[in-house]
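Trainee: Structure, please.
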Amino acid sequence: MPAKVSTVAPGLPMSAVDNEMIKPKRTPLYGRHVDAGGKIVEFAGYEMPVQYSSVIAEAKAVRESVGMFDVSHMARLTLTGTAVSEMLEWVTTNDIAKLANGGGQYSLLPNPVGGVVDDVIVYRIDAEHFELVVNAANHAKDVAWLRELFGLKVHMTDRTEDTAMIAVQGPRAAKILPMFADLPLFGTQHGRFAGVNVFVARSGYTGEDGFELVCDASEANALWNGLLAAGVLPCGLAARDTLRVEAGLPLYGHELTDETSPIAAGLGWVVGKHKSFVGSEAVKVAREEGTPRRLLGIKLGSKRLMSPGMKVFVEGAEVGEVTSGVYSPVLETGIGFAYIDTGTKLGTAATVEIRGQHEPAVITGKRFLKPA
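Mentor: This is a model prediction of the structure:
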């Protein structure tokens, strides 16, 4: 079945899409997506599958069994040098010193005013070798930012084009990949699957158990086909977006921006309290004094979809603005995130203005489903 091409992915963030004049890239797995009848959209400068069968079926597969996503558009950077650990301590918010060899952590790249350049995953291979995974939409920005901060102290190799990355997610993920079942969360290991050498991390973006596998670009098809043969269902970007909102996970460009404080976003837990980093004084002030708004969840009383920018009201007064919205197949209702005036209590009745109508809602915590 030929692929259908669109420039807009319904329900997905488009702030990351490159200018239309720039020809989008393709991951090493593009042909597999076309062969499977994937609907292709332009996202973060790549032609990516937004869905194959249906968003609901794919999201349910990950919640109930196992699915896989081509996440090769995510940028992969190798950092080496005698000063790499010290420099990462300065350019990220989390405590690099806590990482042992083979360990990883979720972190942020902060800016001098206390905002967020990007959210990232840092993996320590050894004291002089780290791997960094950053958002596709921020690839060029992050590389330029890090080169400026690192100077000549750290050698950075961009391995995005030379490798592919597949996320295997769901309660059956460890049964599909039993050789990696003993890895702790964010733990890493080198191994083989389907005859392919892989670097594996126990991580993901769905709230379920799972692994992210990195291999040479030339072996991407063999790895994908091996997972297909093992019964793993291909899933698209729309299902991934649904799953991450259900699990309370932020997306850069929506919940996180260069102007957003990690404290307002509820990410104080990935900000070291006893270390200095870029913008640490500004973040300290936000932690101590609070922020005007904080990121919370919004649950509608219907199946309607919220979109970024829609206003949230309590007793007729505007109290916030939606940043993400999806339909949850598990909860069978519309859910999303919004920055809400600080002091607004969880459980507060609210409305969201959707195309001129005030849709009943309730303000909740960000996590709609407890991650496995």
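
Trainee: Need the mean per-residue confidence for stretch 222-229.
Mentor: For stretch 222-229, mean pLDDT is 98.

Trainee: list the buried ones in that stretch?
Mentor: Residues L223, W224, G226, L227 are the ones in stretch 222-229 that count as buried (16 or more other Cβ atoms under 10 Å). For glycine as for every other residue, the C-beta is placed from the backbone atoms N, C-alpha and C.

Trainee: go on, stretch 130-147?
Mentor: Under the neighbour-count criterion of 16+ other Cβ under 10 Å, stretch 130-147 has 130-139, 142-143, 145-146 buried.

Trainee: could you dump those to a markdown table with secondary structure, pLDDT and distance to L99?
Mentor: What follows is those, written out as a markdown table (DSSP: H, G, I helix; E, B strand; the rest coil; pLDDT from 0 to 100; distance: Cβ to Cβ, whole Å):
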| residue | secondary structure | pLDDT | distance to L99 |
| --- | --- | --- | --- |
| F130 | strand | 98 | 8 |
| E131 | strand | 98 | 11 |
| L132 | strand | 98 | 12 |
| V133 | strand | 98 | 14 |
| V134 | strand | 98 | 17 |
| N135 | coil | 97 | 21 |
| A136 | helix | 96 | 24 |
| A137 | helix | 96 | 26 |
| N138 | helix | 97 | 22 |
| H139 | helix | 98 | 23 |
| D142 | helix | 98 | 20 |
| V143 | helix | 98 | 22 |
| W145 | helix | 98 | 21 |
| L146 | helix | 98 | 18 |
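
Trainee: Now flag whichever of the residues you listed is closest to R244.
Mentor: Set against R244, the nearest of the buried residues of stretch 130-147 by Cβ to Cβ is N135 (12.4 Å).

Trainee: Could you pull up phi and psi at E161?
Mentor: The phi/psi pair for E161 (degrees, to the nearest 10) reads phi -80, psi -20.

Trainee: didn't T80 look like it was pressed against H155?
Mentor: Yes: using Cβ atoms under 8 Å, T80 is in contact with H155, at 4.9 Å.

Trainee: so where do the helices sit in the stretch 1-150 of the chain?
Mentor: Here the stretch 1-150 of the chain has its helices, by DSSP state H, counting those that start in this stretch, at 30-35, 55-64, 84-91, 139-150.

Trainee: Could I get those in a markdown table, plus columns for distance to L177?
Mentor: A markdown table is the format used below for these (distance: least, Cβ to Cβ, whole Å):
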| stretch | distance to L177 |
| --- | --- |
| helix 30-35 | 19 |
| helix 55-64 | 15 |
| helix 84-91 | 28 |
| helix 139-150 | 27 |
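
Trainee: Show me which of those has the highest average neighbour count.
Mentor: The highest average neighbour count among those, using mean count of other Cβ atoms under 10 Å, belongs to helix 55-64 at a mean of 21.

Trainee: so how far is that helix off the chain centroid?
Mentor: 18 Å (Cα atoms, centre = their mean, to the nearest Å).

Trainee: So what touches that helix?
Mentor: With Cβ atoms under 8 Å, 6 or more residues apart in numbering as the test, helix 55-64 has contacts from 11, 51-52, 67, 169-171, 206, 208, 233-236, 238-239, 242-243, 327, 329-330, 369.

Trainee: Now the buried members of the residues you listed.
Mentor: Neighbour counting by 16+ other Cβ under 10 Å classes 11, 51-52, 67, 169-170, 206, 208, 233-236, 238-239, 242-243, 327, 329-330, 369 among the contacts of helix 55-64 as buried.

Trainee: Can you list the strands that the helix or strand containing G334 pairs with?
Mentor: Using DSSP states H and E, the element containing G334 is strand 333-341. Looking at strand 333-341 with DSSP bridges, its partner strands are strand 293-300 (antiparallel), strand 317-328 (antiparallel).

Trainee: Distance from the chain centre to the first one, please.
Mentor: With Cα atoms, centre = their mean as the basis, the distance from the averaged C-alpha position of strand 293-300 to the chain average is 18 Å.

Trainee: Which SSE is immediately downstream of that strand?
Mentor: Downstream of strand 293-300, the next assigned helix or strand under DSSP H and E is strand 311-314.

Trainee: so what secondary structure elements neighbour that following strand?
Mentor: Counting contacts by 3 or more Cβ pairs under 8 Å, 6 or more residues apart in numbering; DSSP states H and E, strand 311-314 is packed against strand 317-328, strand 349-354, strand 357-364.
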